[in-house]
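Colleague: Fold the following.
(one chain, ligands or ions: 1)
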Amino acid sequence: MKLCMIGVGYVGLVSGTCFADIGNQVICVDKNLDKINKLKSGICPIYEPGLSELIKKNYLAKRLFFSSDVKKAINSSDIIFICVGTPTKKGSLNVDLSYVFKSCKEILKHTKKKKILVTKSTVPVGTGDNIENYLKKKKKLFTIISNPEFLREGEAIRDFRYPDRIVIGSNEKKAFNTMRKLYSPLINKGSKFFKTSRRGAELIKYASNAFLATKITFVNELANLCEKSGVNIEDISLGMGSDSRIGGRFLRAGPAYGGSCFPKDTKGLVSTAKKYKINLSVVKSVIKSNSDRVNLLIRRIDKILGRNLKNKKISFLGVTFKPNTDDMRDSSSLKMIPYLSKKGALINYYDPSGEKQEFKKIKNCFFKNNIRENCYDADLIIILTEWDEFKSIDFKKVVKNKKFKVYDLRNLYSTEEMKLNKIKYYSVGRPLAK
Ligand SMILES: NC(=O)c1ccc[n+]([C@@H]2O[C@H](COP(=O)([O-])OP(=O)(O)OC[C@H]3O[C@@H](n4cnc5c(N)ncnc54)[C@H](O)[C@@H]3O)[C@@H](O)[C@H]2O)c1
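Modeller: Have a look, this model is predicted:
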(Lines give C-alpha, C1' and ligand atoms only; values in the text may rest on other atoms or scores of the structure.)
Protein backbone atom coordinates (compact mmCIF):
# COMPACT_ATOMS: atom_id res chain seq x y z
CA MET A 1 0.00 0.00 0.00
CA LYS A 2 1.03 3.61 -0.45
CA LEU A 3 1.28 5.48 2.83
CA CYS A 4 2.10 9.01 3.88
CA MET A 5 3.26 9.76 7.42
CA ILE A 6 2.82 13.41 8.41
CA GLY A 7 5.28 14.12 11.22
CA VAL A 8 8.59 12.32 11.46
CA GLY A 9 8.92 12.15 15.23
CA TYR A 10 9.23 9.11 17.50
CA VAL A 11 5.88 7.77 16.29
CA GLY A 12 5.84 8.79 12.62
CA LEU A 13 9.40 7.75 11.89
CA VAL A 14 9.23 4.42 13.70
CA SER A 15 5.82 3.40 12.38
CA GLY A 16 6.61 4.65 8.86
CA THR A 17 9.85 2.67 8.80
CA CYS A 18 8.17 -0.44 10.17
CA PHE A 19 5.30 -0.17 7.67
CA ALA A 20 7.92 0.04 4.89
CA ASP A 21 9.67 -2.99 6.35
CA ILE A 22 6.51 -5.07 5.94
CA GLY A 23 6.35 -4.19 2.25
CA ASN A 24 4.56 -0.85 1.92
CA GLN A 25 5.66 2.26 0.01
CA VAL A 26 5.98 4.99 2.63
CA ILE A 27 6.65 8.71 2.27
CA CYS A 28 7.49 10.50 5.51
CA VAL A 29 7.00 14.27 5.50
CA ASP A 30 7.87 16.84 8.11
CA LYS A 31 7.84 20.62 8.25
CA ASN A 32 11.22 20.44 9.97
CA LEU A 33 13.63 20.59 7.02
CA ASP A 34 16.62 19.79 9.15
CA LYS A 35 15.09 16.42 10.09
CA ILE A 36 14.26 15.61 6.46
CA ASN A 37 17.73 16.58 5.25
CA LYS A 38 19.35 14.47 7.95
CA LEU A 39 17.21 11.47 7.01
CA LYS A 40 17.99 11.91 3.32
CA SER A 41 21.69 11.87 4.10
CA GLY A 42 21.39 8.72 6.20
CA ILE A 43 21.34 10.29 9.68
CA CYS A 44 18.59 9.24 12.07
CA PRO A 45 17.44 12.37 13.95
CA ILE A 46 16.35 10.47 17.08
CA TYR A 47 17.98 7.93 19.36
CA GLU A 48 16.03 4.69 19.12
CA PRO A 49 17.77 1.30 19.19
CA GLY A 50 17.81 -0.42 15.77
CA LEU A 51 16.03 2.40 13.96
CA SER A 52 18.98 3.74 12.01
CA GLU A 53 19.70 0.34 10.45
CA LEU A 54 16.04 -0.28 9.62
CA ILE A 55 15.71 3.13 7.96
CA LYS A 56 18.80 2.47 5.87
CA LYS A 57 17.58 -0.98 4.80
CA ASN A 58 14.17 0.31 3.63
CA TYR A 59 15.52 3.50 2.10
CA LEU A 60 17.93 1.49 -0.04
CA ALA A 61 15.12 -0.91 -0.96
CA LYS A 62 13.18 2.14 -2.22
CA ARG A 63 10.23 1.50 0.05
CA LEU A 64 10.91 4.42 2.39
CA PHE A 65 11.17 8.05 1.27
CA PHE A 66 11.60 11.40 3.03
CA SER A 67 10.25 14.66 1.75
CA SER A 68 9.18 18.15 2.70
CA ASP A 69 6.82 18.27 -0.28
CA VAL A 70 3.48 17.63 1.45
CA LYS A 71 1.47 18.04 -1.75
CA LYS A 72 3.36 15.33 -3.59
CA ALA A 73 3.37 13.03 -0.56
CA ILE A 74 -0.39 13.36 -0.09
CA ASN A 75 -1.18 12.85 -3.75
CA SER A 76 0.90 9.75 -4.10
CA SER A 77 -0.64 7.97 -1.07
CA ASP A 78 -3.82 6.04 -0.35
CA ILE A 79 -3.60 6.27 3.43
CA ILE A 80 -2.42 9.36 5.30
CA PHE A 81 -1.30 9.00 8.91
CA ILE A 82 -1.26 12.11 11.09
CA CYS A 83 1.63 11.63 13.53
CA VAL A 84 2.27 15.17 14.71
CA GLY A 85 2.66 16.23 18.34
CA THR A 86 -0.33 16.92 20.60
CA PRO A 87 1.30 18.70 23.55
CA THR A 88 -0.36 20.46 26.46
CA LYS A 89 -1.39 24.04 25.68
CA LYS A 90 0.75 26.52 27.58
CA GLY A 91 -0.85 27.63 30.85
CA SER A 92 -3.66 25.06 30.83
CA LEU A 93 -4.38 21.34 30.91
CA ASN A 94 -5.92 21.43 27.43
CA VAL A 95 -4.52 19.55 24.46
CA ASP A 96 -2.95 21.71 21.76
CA LEU A 97 -4.41 20.37 18.54
CA SER A 98 -2.97 23.11 16.34
CA TYR A 99 -0.42 20.76 14.70
CA VAL A 100 -3.18 18.28 13.89
CA PHE A 101 -5.37 20.93 12.29
CA LYS A 102 -2.45 22.52 10.42
CA SER A 103 -1.84 19.08 8.89
CA CYS A 104 -5.55 18.85 8.06
CA LYS A 105 -5.34 22.22 6.32
CA GLU A 106 -2.59 20.88 4.03
CA ILE A 107 -4.50 17.67 3.49
CA LEU A 108 -7.66 19.57 2.55
CA LYS A 109 -5.73 21.78 0.15
CA HIS A 110 -3.93 19.03 -1.70
CA THR A 111 -6.24 16.01 -1.74
CA LYS A 112 -7.77 15.27 -5.13
CA LYS A 113 -8.85 11.66 -4.83
CA LYS A 114 -10.27 9.37 -2.14
CA LYS A 115 -8.07 8.77 0.92
CA ILE A 116 -8.19 7.12 4.29
CA LEU A 117 -7.07 9.63 6.89
CA VAL A 118 -5.78 8.08 10.10
CA THR A 119 -5.04 9.87 13.37
CA LYS A 120 -2.10 8.08 14.96
CA SER A 121 -1.41 11.07 17.16
CA THR A 122 -3.03 10.86 20.59
CA VAL A 123 -6.13 13.06 20.31
CA PRO A 124 -9.05 13.76 22.69
CA VAL A 125 -12.31 11.93 22.23
CA GLY A 126 -14.32 13.65 19.50
CA THR A 127 -11.33 14.96 17.52
CA GLY A 128 -12.08 12.64 14.59
CA ASP A 129 -15.57 14.18 14.40
CA ASN A 130 -14.07 17.67 14.45
CA ILE A 131 -11.63 16.74 11.69
CA GLU A 132 -14.51 15.37 9.64
CA ASN A 133 -16.32 18.65 10.09
CA TYR A 134 -13.18 20.61 9.19
CA LEU A 135 -12.79 18.63 5.96
CA LYS A 136 -16.47 18.81 5.03
CA LYS A 137 -15.79 20.80 1.81
CA LYS A 138 -14.29 17.63 0.36
CA LYS A 139 -16.30 15.28 2.57
CA LYS A 140 -16.61 12.53 -0.03
CA LEU A 141 -12.84 12.18 -0.38
CA PHE A 142 -12.11 11.22 3.21
CA THR A 143 -12.73 8.34 5.57
CA ILE A 144 -11.38 9.31 8.97
CA ILE A 145 -10.13 6.59 11.25
CA SER A 146 -8.54 6.58 14.67
CA ASN A 147 -5.57 4.23 15.10
CA PRO A 148 -3.78 5.29 18.29
CA GLU A 149 -0.18 4.23 18.72
CA PHE A 150 1.01 2.41 21.85
CA LEU A 151 4.74 2.00 21.18
CA ARG A 152 7.22 2.92 23.91
CA GLU A 153 10.36 4.89 23.19
CA GLY A 154 13.43 2.74 23.65
CA GLU A 155 11.47 -0.40 22.64
CA ALA A 156 9.62 1.20 19.76
CA ILE A 157 10.49 -1.21 16.94
CA ARG A 158 9.68 -4.30 18.96
CA ASP A 159 6.47 -2.69 20.20
CA PHE A 160 5.41 -1.81 16.67
CA ARG A 161 6.13 -5.29 15.37
CA TYR A 162 4.56 -7.17 18.27
CA PRO A 163 1.88 -4.89 19.70
CA ASP A 164 -0.35 -6.17 22.52
CA ARG A 165 -3.25 -4.82 20.47
CA ILE A 166 -3.94 -2.81 17.34
CA VAL A 167 -6.94 -0.55 17.85
CA ILE A 168 -8.94 0.70 14.87
CA GLY A 169 -11.75 3.12 15.48
CA SER A 170 -14.00 3.28 12.46
CA ASN A 171 -17.58 2.73 11.43
CA GLU A 172 -16.70 2.28 7.75
CA LYS A 173 -16.42 -1.38 6.79
CA LYS A 174 -14.34 -0.87 3.66
CA ALA A 175 -11.77 1.38 5.31
CA PHE A 176 -11.62 -0.95 8.30
CA ASN A 177 -10.86 -3.88 5.99
CA THR A 178 -8.10 -1.86 4.32
CA MET A 179 -6.56 -1.22 7.74
CA ARG A 180 -6.84 -4.90 8.59
CA LYS A 181 -5.00 -5.73 5.37
CA LEU A 182 -2.30 -3.18 6.16
CA TYR A 183 -1.74 -4.69 9.58
CA SER A 184 -2.16 -8.32 8.45
CA PRO A 185 1.58 -9.20 8.79
CA LEU A 186 1.34 -8.27 12.49
CA ILE A 187 -2.08 -9.84 13.01
CA ASN A 188 -0.82 -13.08 11.45
CA LYS A 189 1.96 -13.18 14.06
CA GLY A 190 -0.65 -13.06 16.83
CA SER A 191 -1.32 -9.40 17.62
CA LYS A 192 -4.86 -8.67 18.75
CA PHE A 193 -6.77 -6.57 16.21
CA PHE A 194 -9.49 -4.63 17.87
CA LYS A 195 -12.37 -2.74 16.24
CA THR A 196 -14.25 -0.03 18.04
CA SER A 197 -15.91 3.30 17.32
CA ARG A 198 -13.67 6.21 16.37
CA ARG A 199 -14.42 7.92 19.68
CA GLY A 200 -13.78 4.64 21.50
CA ALA A 201 -10.31 4.32 19.97
CA GLU A 202 -9.46 7.90 20.89
CA LEU A 203 -10.46 7.33 24.50
CA ILE A 204 -8.76 3.93 24.84
CA LYS A 205 -5.39 5.62 24.32
CA TYR A 206 -5.90 8.27 27.03
CA ALA A 207 -7.44 5.74 29.41
CA SER A 208 -4.46 3.38 28.99
CA ASN A 209 -1.87 6.08 29.63
CA ALA A 210 -3.75 7.54 32.58
CA PHE A 211 -4.07 4.08 34.13
CA LEU A 212 -0.35 3.33 33.73
CA ALA A 213 0.50 6.73 35.23
CA THR A 214 -1.81 5.88 38.14
CA LYS A 215 0.03 2.59 38.75
CA ILE A 216 3.39 4.35 38.86
CA THR A 217 2.11 7.09 41.13
CA PHE A 218 0.44 4.60 43.47
CA VAL A 219 3.65 2.63 43.94
CA ASN A 220 5.69 5.82 44.35
CA GLU A 221 3.43 6.94 47.18
CA LEU A 222 3.64 3.50 48.78
CA ALA A 223 7.44 3.78 48.58
CA ASN A 224 7.18 6.86 50.81
CA LEU A 225 5.23 4.81 53.35
CA CYS A 226 7.78 1.97 53.10
CA GLU A 227 10.61 4.37 53.86
CA LYS A 228 8.91 5.46 57.07
CA SER A 229 7.69 2.04 58.15
CA GLY A 230 10.82 -0.01 57.46
CA VAL A 231 9.34 -2.11 54.66
CA ASN A 232 10.95 -2.89 51.32
CA ILE A 233 8.86 -1.54 48.42
CA GLU A 234 10.24 -4.27 46.16
CA ASP A 235 8.55 -6.91 48.32
CA ILE A 236 5.31 -4.96 48.06
CA SER A 237 5.60 -4.66 44.26
CA LEU A 238 6.34 -8.36 43.94
CA GLY A 239 3.61 -9.35 46.35
CA MET A 240 1.04 -7.17 44.64
CA GLY A 241 2.23 -7.80 41.11
CA SER A 242 2.01 -11.57 41.52
CA ASP A 243 -1.75 -11.16 41.63
CA SER A 244 -2.79 -11.64 38.02
CA ARG A 245 -5.59 -9.09 38.48
CA ILE A 246 -2.95 -6.46 39.22
CA GLY A 247 0.07 -7.52 37.16
CA GLY A 248 3.69 -6.72 37.95
CA ARG A 249 4.49 -4.13 35.29
CA PHE A 250 4.62 -0.42 36.09
CA LEU A 251 4.90 -1.23 39.77
CA ARG A 252 8.51 -0.17 40.29
CA ALA A 253 9.07 2.80 42.53
CA GLY A 254 11.30 5.58 41.26
CA PRO A 255 11.25 9.24 40.33
CA ALA A 256 8.15 11.02 39.06
CA TYR A 257 6.91 9.70 35.73
CA GLY A 258 7.90 11.85 32.78
CA GLY A 259 8.24 11.59 29.03
CA SER A 260 6.28 12.76 26.07
CA CYS A 261 3.05 10.91 26.93
CA PHE A 262 1.97 10.34 30.55
CA PRO A 263 2.25 13.94 31.78
CA LYS A 264 0.42 15.46 28.83
CA ASP A 265 -2.12 12.65 28.42
CA THR A 266 -3.21 12.64 32.07
CA LYS A 267 -3.76 16.40 31.80
CA GLY A 268 -5.46 16.04 28.44
CA LEU A 269 -7.85 13.43 29.80
CA VAL A 270 -8.82 15.61 32.78
CA SER A 271 -9.43 18.65 30.58
CA THR A 272 -11.43 16.64 28.03
CA ALA A 273 -13.57 15.16 30.80
CA LYS A 274 -14.17 18.65 32.16
CA LYS A 275 -15.66 19.67 28.82
CA TYR A 276 -18.18 16.87 29.33
CA LYS A 277 -18.69 18.08 32.94
CA ILE A 278 -17.05 14.95 34.32
CA ASN A 279 -14.65 15.20 37.24
CA LEU A 280 -11.84 12.64 36.94
CA SER A 281 -10.70 13.07 40.53
CA VAL A 282 -8.40 10.02 40.52
CA VAL A 283 -6.44 11.23 37.50
CA LYS A 284 -6.34 14.76 38.92
CA SER A 285 -4.72 13.53 42.11
CA VAL A 286 -2.25 11.45 40.11
CA ILE A 287 -1.11 14.62 38.32
CA LYS A 288 -0.75 16.44 41.64
CA SER A 289 1.06 13.57 43.35
CA ASN A 290 3.50 13.22 40.46
CA SER A 291 4.30 16.91 40.48
CA ASP A 292 4.76 16.82 44.28
CA ARG A 293 7.13 13.88 43.89
CA VAL A 294 9.76 15.92 42.06
CA ASN A 295 9.73 18.44 44.92
CA LEU A 296 9.89 15.66 47.50
CA LEU A 297 12.97 14.17 45.81
CA ILE A 298 14.62 17.58 45.66
CA ARG A 299 14.03 17.97 49.41
CA ARG A 300 15.61 14.55 49.97
CA ILE A 301 18.68 15.53 47.97
CA ASP A 302 18.93 18.66 50.09
CA LYS A 303 18.69 16.57 53.27
CA ILE A 304 21.26 14.02 52.09
CA LEU A 305 23.69 16.89 51.50
CA GLY A 306 23.14 18.36 54.97
CA ARG A 307 20.77 21.12 53.81
CA ASN A 308 23.57 23.08 52.25
CA LEU A 309 23.93 22.75 48.50
CA LYS A 310 26.41 25.58 48.02
CA ASN A 311 29.40 24.31 46.02
CA LYS A 312 28.34 20.69 46.51
CA LYS A 313 29.29 18.59 43.51
CA ILE A 314 26.31 16.61 42.26
CA SER A 315 26.73 14.16 39.40
CA PHE A 316 23.68 12.91 37.53
CA LEU A 317 23.82 9.53 35.88
CA GLY A 318 21.17 9.83 33.20
CA VAL A 319 18.91 12.77 32.52
CA THR A 320 16.39 11.33 30.04
CA PHE A 321 13.03 10.17 31.44
CA LYS A 322 13.85 6.55 30.59
CA PRO A 323 16.74 4.59 29.07
CA ASN A 324 17.35 3.98 25.35
CA THR A 325 15.91 7.29 24.25
CA ASP A 326 17.20 10.84 23.88
CA ASP A 327 13.76 12.25 24.72
CA MET A 328 13.92 14.84 27.48
CA ARG A 329 10.27 15.87 27.49
CA ASP A 330 9.01 16.19 31.09
CA SER A 331 11.99 14.35 32.56
CA SER A 332 12.43 15.00 36.32
CA SER A 333 15.95 16.26 35.52
CA LEU A 334 14.44 19.35 33.90
CA LYS A 335 13.17 20.51 37.30
CA MET A 336 15.88 19.05 39.50
CA ILE A 337 18.98 20.36 37.77
CA PRO A 338 17.94 24.04 37.46
CA TYR A 339 16.75 24.03 41.08
CA LEU A 340 19.95 22.50 42.46
CA SER A 341 22.08 24.84 40.36
CA LYS A 342 20.12 27.85 41.67
CA LYS A 343 20.89 26.72 45.20
CA GLY A 344 24.60 26.83 44.42
CA ALA A 345 25.31 23.17 43.59
CA LEU A 346 27.85 22.33 40.88
CA ILE A 347 26.27 19.89 38.48
CA ASN A 348 27.84 17.33 36.18
CA TYR A 349 25.77 14.96 34.14
CA TYR A 350 26.39 12.06 31.82
CA ASP A 351 23.76 10.48 29.61
CA PRO A 352 24.56 7.83 26.99
CA SER A 353 22.25 9.62 24.53
CA GLY A 354 24.50 12.68 24.63
CA GLU A 355 24.62 16.30 25.72
CA LYS A 356 21.35 18.13 26.23
CA GLN A 357 20.44 21.51 24.81
CA GLU A 358 18.12 22.02 27.79
CA PHE A 359 21.04 22.43 30.22
CA LYS A 360 23.31 24.60 28.06
CA LYS A 361 22.21 27.78 29.82
CA ILE A 362 22.16 26.40 33.37
CA LYS A 363 24.86 27.88 35.56
CA ASN A 364 27.60 25.47 36.61
CA CYS A 365 26.11 22.53 34.77
CA PHE A 366 28.40 20.47 32.56
CA PHE A 367 28.02 17.44 30.34
CA LYS A 368 30.71 14.78 30.83
CA ASN A 369 31.70 12.13 28.35
CA ASN A 370 31.58 9.06 30.53
CA ILE A 371 30.79 7.74 34.02
CA ARG A 372 34.32 8.24 35.33
CA GLU A 373 34.70 11.86 34.20
CA ASN A 374 31.22 12.57 35.51
CA CYS A 375 31.63 11.11 38.98
CA TYR A 376 35.27 11.25 40.01
CA ASP A 377 35.00 14.28 42.34
CA ALA A 378 31.30 14.00 43.22
CA ASP A 379 29.86 14.62 46.68
CA LEU A 380 26.61 13.03 45.58
CA ILE A 381 25.88 10.77 42.63
CA ILE A 382 22.23 10.65 41.57
CA ILE A 383 21.14 7.73 39.41
CA LEU A 384 18.13 9.10 37.59
CA THR A 385 17.82 6.92 34.50
CA GLU A 386 18.10 3.17 34.28
CA TRP A 387 20.62 2.86 31.42
CA ASP A 388 22.32 -0.55 31.38
CA GLU A 389 25.78 0.95 31.81
CA PHE A 390 24.80 2.35 35.23
CA LYS A 391 23.92 -1.06 36.63
CA SER A 392 27.36 -2.31 37.65
CA ILE A 393 29.58 0.63 38.49
CA ASP A 394 32.52 0.04 40.79
CA PHE A 395 31.98 3.32 42.64
CA LYS A 396 35.05 2.95 44.83
CA LYS A 397 37.23 2.79 41.73
CA VAL A 398 35.45 5.56 39.87
CA VAL A 399 35.11 8.21 42.59
CA LYS A 400 38.14 9.95 44.01
CA ASN A 401 36.30 11.82 46.78
CA LYS A 402 36.30 9.43 49.75
CA LYS A 403 33.09 10.84 51.28
CA PHE A 404 30.83 10.51 48.28
CA LYS A 405 27.21 9.39 48.58
CA VAL A 406 24.90 7.70 46.09
CA TYR A 407 21.18 8.42 45.70
CA ASP A 408 19.81 5.68 43.51
CA LEU A 409 16.36 6.63 42.22
CA ARG A 410 16.09 3.36 40.27
CA ASN A 411 17.08 0.87 42.98
CA LEU A 412 19.79 -0.62 40.77
CA TYR A 413 22.07 -1.75 43.62
CA SER A 414 21.68 -3.96 46.64
CA THR A 415 21.60 -2.05 49.91
CA GLU A 416 23.60 -4.86 51.59
CA GLU A 417 26.35 -4.76 48.99
CA MET A 418 26.66 -1.00 49.29
CA LYS A 419 26.90 -1.30 53.04
CA LEU A 420 29.61 -3.96 52.73
CA ASN A 421 31.51 -1.58 50.44
CA LYS A 422 31.07 1.19 53.00
CA ILE A 423 29.24 3.42 50.56
CA LYS A 424 26.64 5.88 51.87
CA TYR A 425 23.75 4.71 49.77
CA TYR A 426 20.16 5.93 49.57
CA SER A 427 17.47 4.41 47.39
CA VAL A 428 13.69 4.49 46.94
CA GLY A 429 11.35 2.79 49.40
CA ARG A 430 13.95 0.41 50.80
CA PRO A 431 15.21 0.39 54.37
CA LEU A 432 18.94 0.97 54.89
CA ALA A 433 20.90 -2.29 55.25
CA LYS A 434 21.33 -3.33 58.87
N1 LIG B 1 6.60 9.43 21.68
C2 LIG B 1 5.93 8.37 22.06
O3 LIG B 1 6.45 7.48 22.72
C4 LIG B 1 4.48 8.20 21.66
C5 LIG B 1 3.87 6.95 21.80
C6 LIG B 1 2.54 6.80 21.42
C7 LIG B 1 1.82 7.90 20.93
N8 LIG B 1 2.44 9.11 20.83
C9 LIG B 1 1.67 10.23 20.27
O10 LIG B 1 2.05 10.39 18.91
C11 LIG B 1 2.05 11.78 18.56
C12 LIG B 1 3.42 12.18 18.06
O13 LIG B 1 4.34 12.02 19.11
P14 LIG B 1 5.92 12.07 18.85
O15 LIG B 1 6.56 11.77 20.14
O16 LIG B 1 6.24 11.26 17.65
O17 LIG B 1 6.08 13.64 18.50
P18 LIG B 1 7.39 14.38 18.00
O19 LIG B 1 7.31 15.74 18.58
O20 LIG B 1 8.59 13.55 18.21
O21 LIG B 1 7.16 14.48 16.42
C22 LIG B 1 6.18 15.24 15.81
C23 LIG B 1 6.72 15.68 14.45
O24 LIG B 1 5.66 16.29 13.72
C25 LIG B 1 6.21 17.36 12.96
N26 LIG B 1 5.13 18.25 12.55
C27 LIG B 1 4.36 19.04 13.32
N28 LIG B 1 3.45 19.68 12.57
C29 LIG B 1 3.62 19.27 11.30
C30 LIG B 1 2.98 19.55 10.06
N31 LIG B 1 1.95 20.41 10.00
N32 LIG B 1 3.42 18.95 8.96
C33 LIG B 1 4.45 18.11 9.00
N34 LIG B 1 5.11 17.78 10.14
C35 LIG B 1 4.69 18.35 11.28
C36 LIG B 1 7.24 17.98 13.89
O37 LIG B 1 8.18 18.74 13.18
C38 LIG B 1 7.84 16.72 14.53
O39 LIG B 1 8.96 16.26 13.80
C40 LIG B 1 1.61 12.51 19.82
O41 LIG B 1 0.22 12.72 19.77
C42 LIG B 1 1.94 11.56 20.92
O43 LIG B 1 1.14 11.73 22.06
C44 LIG B 1 3.75 9.29 21.16
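Colleague: ok, the residue of the stretch 301-434 of the chain found nearest the ligand - contacts?
Modeller: Taking C-beta to the nearest ligand atom, the ligand has its nearest neighbour within the stretch 301-434 of the chain at residue 327, 6.8 Å off. To be clear about C-beta, it is placed using only N, CA and C from the backbone, and glycine gets the same treatment. Listed by C-beta atoms under 8 Å, 6 or more residues apart in numbering, the contact set of residue 327 reads 10, 46, 153, 259, 260, 320, 321.
Colleague: Which of those residues sits closest to residue 403?
Modeller: Taking C-beta to C-beta as the measure, residue 320 is the one of those closest to residue 403, at 28.6 Å.
Colleague: show me what contacts the closest residue to the closest one other than its chain neighbours?
Modeller: In this structure, residue 320 finds its nearest non-sequential neighbour in residue 385, 5.3 Å apart by C-beta to C-beta, 6 or more residues apart in numbering. Going by C-beta under 8 Å, 6+ apart, residue 385 touches 317, 318, 319, 320, 321, 322, 323, 351, 410.
Colleague: do you know how far the residue in the chain that the ligand sits nearest to is from residue 164?
Modeller: The minimum distance from the chain to the ligand, using C-beta to the nearest ligand atom, falls at residue 9 (1.8 Å). Remark: distance between residue 9 and residue 164 (C-beta to C-beta, to the nearest Å) = 22 Å.
Colleague: Between those two, which has more neighbouring residues?
Modeller: residue 9 (19 against 10; other C-beta atoms under 10 Å).
Colleague: The more buried one: what's it in contact with?
Modeller: 30, 46, 83, 84, 85.
Colleague: same thing with residue 198?
Modeller: Residue 198 touches 128, 129, 144, 145, 146, 169, 170, 171, counting by C-beta under 8 Å, 6+ apart.
Colleague: Could you tell me the model confidence score at it?
Modeller: Per-residue confidence (pLDDT) for residue 198: 98.
Colleague: ditto for residue 137
Modeller: Value listed for residue 137 in the pLDDT field: 93.
Colleague: That one - nearest residue in space that isn't next to it in sequence?
Modeller: residue 108 (6.8 Å).
Colleague: which element is the one you found on?
Modeller: Secondary structure assigned from DSSP states H and E places residue 108 in helix 98-110.
Colleague: Run the chain-centre distance for that helix.
Modeller: 25 Å (C-alpha atoms, centre = their mean, to the nearest Å).
Colleague: ditto for stretch 366-382
Modeller: With C-alpha atoms, centre = their mean, you get 26 Å for stretch 366-382.
Colleague: average pLDDT across it?
Modeller: Mean predicted confidence for stretch 366-382 is 97.
Colleague: ok, how many other residues are close to residue 434?
Modeller: Residue 434: 6 neighbours (other C-beta under 10 Å).
Colleague: Please read the previous query as pertaining to residue 330.
Modeller: Neighbours around residue 330, by other C-beta under 10 Å: 20.
Colleague: Get me the contact residues on the stretch 201-350 of the chain for the ligand.
Modeller: 260, 261 (C-beta under 6 Å from any ligand atom).
Colleague: Please repeat the previous calculation with a cut-off of 5 Å.
Modeller: residue 260 (C-beta under 5 Å from any ligand atom).
Colleague: can you give me the helices for the stretch 201-350 of the chain?
Modeller: 233-241, 262-275, 281-304, 333-342 (DSSP state H, counting those that start in this stretch).
Colleague: what does the stretch 1-150 of the chain give?
Modeller: Going by DSSP H, counting those that start in this stretch, the stretch 1-150 of the chain shows helices at 10-21, 33-40, 51-60, 70-75, 98-110, 127-134.
Colleague: deepest of those, which one?
Modeller: For those, average neighbour numbers computed from mean count of other C-beta atoms under 10 Å are highest in helix 10-21, which has a mean of 26.
Colleague: what comes into contact with it?
Modeller: 3, 5-6, 8, 26, 28, 30, 39, 44-46, 48, 51, 54-55, 57-58, 61, 63-64, 81, 83-84, 120-121, 149, 151, 153, 156-157, 160-161, 182, 260, 325, 327.
Colleague: Can you say which of those are buried?
Modeller: 3, 5-6, 8, 26, 28, 30, 39, 44-46, 48, 51, 54-55, 58, 63-64, 81, 83-84, 120-121, 149, 151, 153, 156-157, 160, 182, 260, 325, 327 (16 or more other C-beta atoms under 10 Å).
Colleague: What about those, which are in strands?
Modeller: 3, 5, 6, 26, 28, 64, 81 (DSSP state E).
Colleague: Which pair of those residues spans the longest distance?
Modeller: Among those, 6 and 64 lie farthest apart (C-beta to C-beta), at 15.0 Å.
Colleague: Mark out where each domain of the chain begins and ends.
Modeller: By the assignment in automatic domain parsing, the chain contains the domains 2-196, 206-287, 292-426.
Colleague: want to throw the contacts of residue 385 into TSV with pLDDT and neighbour count?
Modeller: Formatted as TSV, these follow (pLDDT from 0 to 100; neighbours: other C-beta atoms under 10 Å):
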residue	pLDDT	neighbour count
317	98	28
318	98	24
319	98	26
320	97	27
321	96	27
322	96	19
323	97	20
351	98	24
410	98	21
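Colleague: Next, count neighbours for residue 227.
Modeller: Around residue 227 there are 20 residues (other C-beta under 10 Å).
Colleague: okay, how far is it across stretch 24-36, tip to tip?
Modeller: Stretch 24-36 has an end-to-end distance of 20 Å (criterion: C-alpha to C-alpha, to the nearest Å).
Colleague: who touches it?
Modeller: 1-9, 12-13, 16-17, 19-20, 39, 45, 58, 63-70, 72-73, 76-77, 182.
Colleague: Any stretches of the chain with poor pLDDT?
Modeller: Within the chain, no stretch has pLDDT under 70.
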